[in-house]
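Participant: my questions are about this predicted structure, shown below with the sequence.
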Amino acid sequence: MSLIIRWTSVLLWSIAAGGLAWYGMSVARQISYVTLADGRQEVRMLPWLMRLLLPLTPNLNPFFSKITFKPMRDKINRKLVSAGYDGVVTPAEFLSLKILMPVFMGPLWVVMIKMALSTTSNALLLKLDFPLSLIGPALLLIYPDQWLRYTLQQRHSQIQRSLPFVLDLLTLSVEAGMDFMTALQRNIGERKVDALGEELIRVIRQIQLGKSRREALRDMSARVNLPDLRAVVGALVQADELGVSIGSILRIQADQMRQRRFERAERLANEAPVKMLFPLMMFIFPAVFLVLMGPIVVRLIAQGF
């Protein structure tokens, strides 16, 4: 009887493991899209762990949809919109994931730590059992925020790289006789869609639906929340209000964006030696020491020293 129970248990655990593996593989193949203002779809991939637990978020969404969490939801929503993930995950789902990740994945981390420490008799490692068990759930708790911050920084960097080039194209088009909207539509239609292109497509669509150019540009500035783009939008809006030539404003802004890009590159180049110091001291110097002194040490040990 005990043998039947044992084999039944093994079979059930195998089925459960196979089901989890199948679910994990199906989640890994899932692709999320956002629909742009002109109807095109762009890929937006959430991290695998977040996609894995996303179907469980409706259980916590009613709790995080309460009025108490409205300021937190608004803050997260602004970041999601700026990162280009509006419509892929809601603020309530994002807050739910911050709880679900340590709750479901934290015990797995603890089990792995227990299994790893069970094979050692080192007293120091055994004393670190509790702190090591807390590291995993703590990292899982802050992981969604860190992912969102990194994604937002990447999108801002992409916009900063594209902005001078787009401004140059708009300047040439406007100075060649096109009006601003025609130049914007033509340049967006001929370029590969990137982060800045997605925002400009939304601006064009909003203007076509009845918004004024000033309002659409201001909405883009607030939505992206990038200082460089905010400066360009402020100059364009001011030129529109004062009746100044758009071409001259665009040329000035393009020159300023190129200068800022050069200053950023120069700052990163100055920071490179400091950032390289830690890996240099931790990895390269010991490796060089082992390569140079290793044969000598081996020979001395072989001679009995």
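Facilitator: Now that the structure is in, tell me what you want to look at. Numbers count the residues shown, from 1 in each chain.
Participant: helix or strand: which one has the closest residue to residue 53 other than its chain neighbours?
Facilitator: Excluding the flanking residues, the one nearest residue 53 by CB to CB, 6 or more residues apart in numbering is residue 100, at 4.6 Å. All C-beta spots, glycine's among them, are computed from the backbone N, C-alpha and C. Taking DSSP states H and E as the definition, one finds residue 100 inside helix 91-117.
Participant: other SSEs contacting that helix?
Facilitator: When contacts are defined as 3 or more CB pairs under 8 Å, 6 or more residues apart in numbering; DSSP states H and E, helix 91-117 sits against helix 48-53, helix 61-64, helix 70-83, helix 129-175.
Participant: now that helix: mean pLDDT?
Facilitator: Helix 91-117 shows an average pLDDT of 84 in the prediction.
Participant: same question for stretch 247-258.
Facilitator: 83.
Participant: now residue 243: how far from residue 142?
Facilitator: 50 Å (CB to CB, to the nearest Å).
Participant: relative to residue 56, how far out is the most centrally placed residue in the chain?
Facilitator: Closest residue to the average C-alpha location of the chain: residue 151 at 1.7 Å, with CA atoms, centre = their mean. Using CB to CB, residue 151 is found at 22 Å from residue 56.
Participant: do the same with residue 269
Facilitator: Counting by CB to CB - residue 269 and residue 56 are separated by 46 Å.
Participant: which of the two has more neighbours?
Facilitator: The neighbour comparison of residue 269 against residue 56 (other CB atoms under 10 Å) goes to residue 56, with 15 against 9.
Participant: please save the CA atoms from stretch 219-234 in CSV.
Facilitator: Extracted in CSV, the C-alpha atoms of stretch 219-234 (Å, rounded to 0.1, in the frame of the first residue of the first chain):
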residue,chain,number,x,y,z
ASP,A,219,0.5,67.0,-23.5
MET,A,220,3.5,65.3,-25.1
SER,A,221,5.9,67.2,-22.8
ALA,A,222,4.0,66.3,-19.7
ARG,A,223,3.6,62.7,-20.9
VAL,A,224,7.3,62.1,-21.6
ASN,A,225,8.6,64.2,-18.7
LEU,A,226,12.1,64.7,-20.3
PRO,A,227,13.9,68.0,-19.7
ASP,A,228,15.3,68.2,-23.3
LEU,A,229,11.9,67.6,-24.9
ARG,A,230,10.3,70.0,-22.4
ALA,A,231,12.7,72.7,-23.5
VAL,A,232,12.0,72.2,-27.2
VAL,A,233,8.2,72.1,-26.7
GLY,A,234,8.4,75.3,-24.6
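Participant: how many other residues sit next to residue 146?
Facilitator: Residue 146 has 10 nearby residues by other CB under 10 Å.
Participant: confidence score at it?
Facilitator: On the pLDDT scale, residue 146 gets 93.
Participant: same thing with the one 4 residues further on?
Facilitator: Here the pLDDT value assigned to residue 150 is 94.
Participant: and if you look at the one 10 residues further on?
Facilitator: Model confidence at residue 160, expressed as pLDDT, equals 88.
Participant: count of residues packed around it?
Facilitator: 19.
Participant: for the closest residue to it other than its chain neighbours, which three-state class applies?
Facilitator: The shortest distance from residue 160 to any non-neighbouring residue, by CB to CB, 6+ apart, is to residue 228 (5.7 Å). Classification of residue 228 using DSSP: H, G, I helix; E, B strand; the rest coil returns helix.
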